[in-house]
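Asks: Curious how this folds, go ahead:
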Amino acid sequence: MRLHLTPGLGQRRLSNLYQAFGSVDEILAADPVTLYRRARLPKNIALAIPPADCSQLLRTAGELAAEGVQLVCRGNDNYPDLLDAIHDPPVLLYVRGRFPLPEGLAVVGSRRASPDNMRLVRDICRELAACDIPIVSGLARGIDTAAHLGALDAEGWTAAVLGCGIDRIYPQENSRLFQKIAAEGTLISEQPPGMPPKAGNFPSRNRIVSGLSRGVLVAEAAVRSGSLITADFALEQGREVFALPGPVQRPTCAGTNALLKEGAHLVTEARDIIELLWRKNYRPPSPEPLPDVDENLSETDRKVARQLGSSPLHIDEIVRKSGLTPMEVSAILLHLELQGSVVQLPGMRYQRA
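Replies: Residues are numbered from 1 along each chain as shown. Here you go, the predicted structure:
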């Protein structure tokens, strides 16, 4: 933290120092001339490194400790292995809540996501968290919020990587969610305490979101968006990329549809992710009791209705199981939906009401 709070010593210079010296202790033991020769650190910055007994440093450390914040340095035993293996791992993390964090799934997407995709992401994250898979996101509006809430619904583990200091809440509307994650999950930041949410912090934050995870799910992202930056980081880091399909007319789905064209894994339910990355974690959800199929329906209508339960089923699977033609199944599903006995979900999926 002495290095982190040094004026002029930003993330890039701090990473260069770590690469040159290999440990924080070695950096702090070096004189200004050695710091310049080995890492090109300007003398004025080297002389500005605060001493260990600096009053501001001790006050800040005390405030963080009072909030339950711990410092996790690169090279510590509890520094995440996945994150340590990326191209530019953060030298220092400020962490509040449960730690160390197991390998999880990153979930990112539009701040202006549609209600349908918000519900779908929340459902997917709820099922993933119920299978002991941590959900990693960025506490932003929209998809990030839905992802965190889904994990908390299942009393699972969720981590929020912040684009500001660990002592700042952004956006303010998520202050209750911030406190709930602090109490039940994990808050993480590489920014020094007091750092406001500057636009330049968020792309670097995204590399940590993907770096902590085995894979990244992109839900409803425009062609030029921070979510696609996260997907790029994921590809560079060798992570699996997943995407939700969306209507081609919706601008906020253009990015996810482009990812699918480029080979991202198509996702319509949690099982699509679990079977690829966490097969051993899969536990089929307990079936909920459903009302009997209406005996007043025709035989073909009952044949389709019997295929549906509390878990969503894609229309292609309904066709396969019922033995009817796609046109017959589409007409029957529309009839059942108008009756109120069937609900259509995004991605041409259906379930009993």
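Asks: wait, E103 sits on L82?
Replies: Yes: contact status for E103 versus L82: in contact at 5.8 Å, counting by Cβ atoms under 8 Å. For every residue, glycine as well, the C-beta is placed using N, CA and C.
Asks: Quick one: low-confidence residue ranges for this protein.
Replies: 281-295 (pLDDT under 70).
Asks: got the domain boundaries for this structure?
Replies: For the chain, the domain assignment from automatic domain parsing gives the residue ranges 1-54, 104-281, 299-352.
Asks: so the residue lying farthest from the centre of the chain is in which element?
Replies: Here the chain reaches farthest from its C-alpha mean at N296, the gap being 46.2 Å by Cα atoms, centre = their mean. For N296, there is no helix or strand it lies in under DSSP states H and E.
Asks: Take the domains of the chain and lay them out in CSV including mean neighbour count and distance to D77.
Replies: As requested, these are arranged in CSV below (neighbours: other Cβ atoms under 10 Å; distance: least, Cβ to Cβ, whole Å):
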stretch, mean neighbour count, distance to D77
domain 1-54, 15, 14
domain 104-281, 21, 17
domain 299-352, 16, 41
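Asks: could I get these as JSON lines with distance to A65?
Replies: Supplementary listing: the domains of the chain in JSON lines, determined by distance: least, Cβ to Cβ, whole Å:
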{"stretch": "domain 1-54", "distance to A65": "11"}
{"stretch": "domain 104-281", "distance to A65": "12"}
{"stretch": "domain 299-352", "distance to A65": "45"}
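Asks: Out of those, which gets nearest to V72?
Replies: Taking Cβ to Cβ as the measure, these were each checked against V72, and domain 104-281 came out nearest at 8.7 Å.
Asks: can you give me how far that closest one is from the chain middle?
Replies: A distance of 3 Å separates the centroid of the chain from that of domain 104-281, by Cα atoms, centre = their mean, to the nearest Å.
Asks: Check which element follows the helix or strand hosting L235 along the chain.
Replies: Assigned by DSSP H and E, L235 falls within helix 226-236. Reading on from helix 226-236 to the C-terminus, the next helix or strand found by DSSP H and E is strand 240-243.
Asks: So which elements touch that next one?
Replies: If you count contacts as 3 or more Cβ pairs under 8 Å, 6 or more residues apart in numbering; DSSP states H and E, strand 240-243 packs onto strand 213-219, helix 226-236, helix 254-261, strand 265-266, helix 270-277.
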